[in-house]
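**Student:** only geometry, no sequence info:
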Ligand code: DX5
Ligand code: ZN
């Protein structure tokens, strides 16, 4: 029996919702992850910030390793010069690993290096290599990288902290990214991250993305499980109305 790769799992359930965990109650990590699993969420998003590329500092490989879950681990590296750091995140169990060209002197080399690595959860599952782009970065940066990535992550906020507002020009950038992907003839996953809330998730899903990150909107406040179910429901409705 062939085991589906992480890429296949994401594509076949597109659009998937990837929930940011950092605004959860981190002292109750186990029950917060169970809550996501119970709600039907399939992917957990971890924002790694280093205090350099991003003003804030968050977590590192030991935290990724501490996530005991069946969810796919979507690791968003907002860190300077990840070349010599990605191996630790892969060893800690990242399934999706996204880097930023704005933070790399050798972005192509980091992607090549990731291609040689095995998924630590299950070598058959493969890794999804993502390239994240800040709102001010031209999408043309992607063109020389298209053969070395599986996912494009369009940031709808500037890297910094959770809970910022969705930048409206992101819509046009998503459309442009879709055209770049279509012209490449490759099955690249299109993802969007930042400022996605109960109020706009349906509109974002209708733009034809495959993966939608929602961070603080699920775990801020007291109704995380209801929020997660609501987000999944909104996405299902939006896709139903698109088809
Ligand atoms: C970048 C943001 C995103 C995060 C989105 O600064 O931290 O990477 O995943 O968080 P929310 O959904 O709270 O905007
Ligand atoms: Zn993120």
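**Tutor:** Done, it's in. Computed from a predicted structure; not experimentally measured. Residues are numbered from 1 along each chain as shown. Ligands and ions are numbered 1, 2, ... in the order given.
**Student:** so which residues of this protein form helices?
**Tutor:** All helices of the chain, identified by DSSP state H, fall at 6-12, 29-39, 61-66, 86-91, 107-115, 170-184, 201-205, 216-219, 224-242.
**Student:** from the chain's centroid, how far away is stretch 128-146?
**Tutor:** 14 Å (C-alpha atoms, centre = their mean, to the nearest Å).
**Student:** nope, stretch 79-92 is what I meant
**Tutor:** Distance of stretch 79-92 from the chain centroid (C-alpha atoms, centre = their mean) equals 16 Å.
**Student:** are it and ligand 1 in contact anywhere?
**Tutor:** No: between stretch 79-92 and ligand 1, judged by C-beta under 6 Å from any ligand atom, nothing touches; the nearest distance is 12.1 Å. (Glycine included, C-beta is placed from N, CA and C.)
**Student:** between the two ends of that stretch, how far is it?
**Tutor:** 16 Å (C-alpha to C-alpha, to the nearest Å).
**Student:** and the contacts of it?
**Tutor:** With contact meaning C-beta atoms under 8 Å, 6 or more residues apart in numbering, stretch 79-92 is reached by 48-50, 52-54, 60-62, 64-65, 75, 77, 97, 99, 103-106, 109-110, 113-114, 117-120, 127.
**Student:** check stretch 179-191 too.
**Tutor:** Taking C-beta under 8 Å, 6+ apart as the rule, stretch 179-191 contacts 7, 10-11, 14, 18, 128, 130, 139, 142-143, 146-147, 149-154, 174, 177-178, 208-213.
**Student:** spell out which parts of this structure neighbour ligand 2.
**Tutor:** Neighbours of ligand 2 within the chain, by C-beta under 5 Å from the ion: 47, 76, 193.
**Student:** among the residues you listed, name the buried ones.
**Tutor:** The neighbour-count criterion (16 or more other C-beta atoms under 10 Å) marks 47, 76, 193 among those as buried.
**Student:** just the buried residues of stretch 115-133, please?
**Tutor:** So, applying 16+ other C-beta under 10 Å, buried residues of stretch 115-133: 117, 119-121, 125-133.
**Student:** stretch 115-135 near ligand 1 anywhere?
**Tutor:** No: applying C-beta under 6 Å from any ligand atom, one finds stretch 115-135 separated from ligand 1 by no less than 8.1 Å.
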